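S.K.: Generate coordinates for the sequence data below:
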Amino acid sequence: MNQIGNRVNQVQPFGTTTHDSARVHLGRGCEALQMCICIDCARVTNCAAYHFVETKHNQPHMTEHPTFTPREGSPTIHANIRTVEQKDVIDRLFREHKDEEEGAIRASSSQRDADEDFDASPLAPLHGKTVYDLSSTTTIEYDVVACKDFVEDKGCWVRNMPEAIKAANPNFVPT
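M.R.: A predicted model of the protein is given here:
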């Protein structure tokens with residue numbers, strides 16, 4: 001576990017080289033995470049390994065039927081597991097919850113004023129309409145960090161990115 005709360009599963013097969021663009025410096029004392037090297041590989045448009053990564057990320061595919069399969073034992077794919085910090089979310093939810101309770105109190109008072117037979121126990125909990133899920137969120141990001149079949153072509157993914165991604169975010173830059 002590194003200082004930013006990420007667990008990184010790292011498996012590096014013998015004889016596999018890691019491309020320099022995959023290295024990311026996080027600062028002193030932090031374990032180095034690596035970004036996906038596929039964005040700079042000539043084979044990204046028809047690679048079965050990258051198709052797997054797209055599937056795991058629920059992203060549009062470069063091709064529905066990749067024709068290139070990396071050789072046995074390659075590539076190396078890191079699974080970066082992150083649990084999203086909920087403090088900011090929880091603080092916002094508590095503020096919203098307070099607003100919801102105040103709204104419920106106002107609604108209850110209005111109903112009591114309008115209905116002489118209204119019987120509300122002073123100890124009855126007041127709740128707004130919004131229901132919150134405060135469970136933590138864990139995400140898994142898959143990145144190809146090494147591949148015996150890597151063929152450098154800087155910016156290949158950006159030049160060939162799926163139209164669905166371009167349409168949704170014309171200024172998208174992969175990280």
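S.K.: other SSEs contacting the helix ranked longest in the chain?
M.R.: Ranked by residue count, the top helix of the chain under DSSP state H comes out as helix 87-114. Helices and strands touching helix 87-114, by 3 or more CB pairs under 8 Å, 6 or more residues apart in numbering; DSSP states H and E: there are none. C-beta coordinates here come from the backbone N, C-alpha and C atoms, glycine included.
S.K.: So for it, what gets flagged as buried?
M.R.: Buried positions in helix 87-114, judged by neighbour count with 16 or more other CB atoms under 10 Å: L93, E100.
S.K.: any idea of the mean pLDDT for it?
M.R.: Averaged across helix 87-114, the pLDDT comes to 75.
S.K.: Do you have the strands of the protein handy? List them.
M.R.: Assigned by DSSP state E, the chain shows strands spanning 6-9, 76-84, 137-146.
S.K.: Dump the ones you listed to CSV, plus distance to I39 and mean neighbour count.
M.R.: Below are the strands of the chain laid out as CSV (distance: least, CB to CB, whole Å; neighbours: other CB atoms under 10 Å):
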stretch, distance to I39, mean neighbour count
strand 6-9, 19, 14
strand 76-84, 14, 16
strand 137-146, 10, 16
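S.K.: Now tabulate those in JSON lines and tack on mean pLDDT and distance to C36.
M.R.: Shown next, in JSON lines, are those (pLDDT from 0 to 100; distance: least, CB to CB, whole Å):
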{"stretch": "strand 6-9", "mean pLDDT": "37", "distance to C36": "14"}
{"stretch": "strand 76-84", "mean pLDDT": "87", "distance to C36": "9"}
{"stretch": "strand 137-146", "mean pLDDT": "90", "distance to C36": "4"}
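S.K.: now those strands as CSV including distance to V53?
M.R.: As requested, these are exported to CSV (distance: least, CB to CB, whole Å):
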stretch, distance to V53
strand 6-9, 15
strand 76-84, 7
strand 137-146, 5
